[in-house]
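Asks: Fold the following.
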Amino acid sequence: MKNFFLGGLLIALAGLAVLFFVLDPAEHILFPRCVFYSLSGYYCPGCGSQRAIHSLLHLNMAGVAQNNFLFLPAVLAIAYHFVHPLLNRWFGWKLPNVFYMKNTPWVIFGIILLFWLLRNLPFYPFSVLAPG
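Replies: Next comes the predicted model:
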């Protein structure tokens, strides 16, 4: 049952990757708009992430940073979470995973809140953090 679930999850992720590669979220109504932005007019920390995924799949790192500056560090953090145990196993290391340290969730939460606040300030240099 677990293999069936993982296989289905991989197929779904591959399908989404193809969808995001082929269609630009900025140009198609198929992709949902941010509810928070629609209601408040302010950008949430995730605003621009769909366009950032599209840019990342096209290896356009400038487009990733332009749409959501926090997206690439988040992708790298997720990759670290999955690669860390593999590296420990392969090389016999016993390095601790920083995501399981006591203050890590608070640091991540603080970074997200600070990003959320700063990207909504209407003056330079913070206006650069707004998507698009």
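
Asks: quick one, phi psi at Gly8?
Replies: Reported as degrees, to the nearest 10, the phi and psi values for Gly8 are phi -60, psi -40.

Asks: That one: how many residues sit nearby?
Replies: Using other C-beta atoms under 10 Å, Gly8 has 10 other residues around it. The C-beta positions use only the backbone N, C-alpha and C, and glycine is treated the same way.

Asks: Distance check, it against Phe21.
Replies: The span separating Gly8 from Phe21 equals 20 Å under the rule C-beta to C-beta, to the nearest Å.

Asks: residue furthest from the geometric center of this structure?
Replies: When distances are taken from the C-alpha mean of the chain, Gly92 lies farthest, 30.1 Å away, according to C-alpha atoms, centre = their mean.

Asks: got the contact list for Ala62?
Replies: The contact partners of Ala62, by C-beta atoms under 8 Å, 6 or more residues apart in numbering, come to Ser55.
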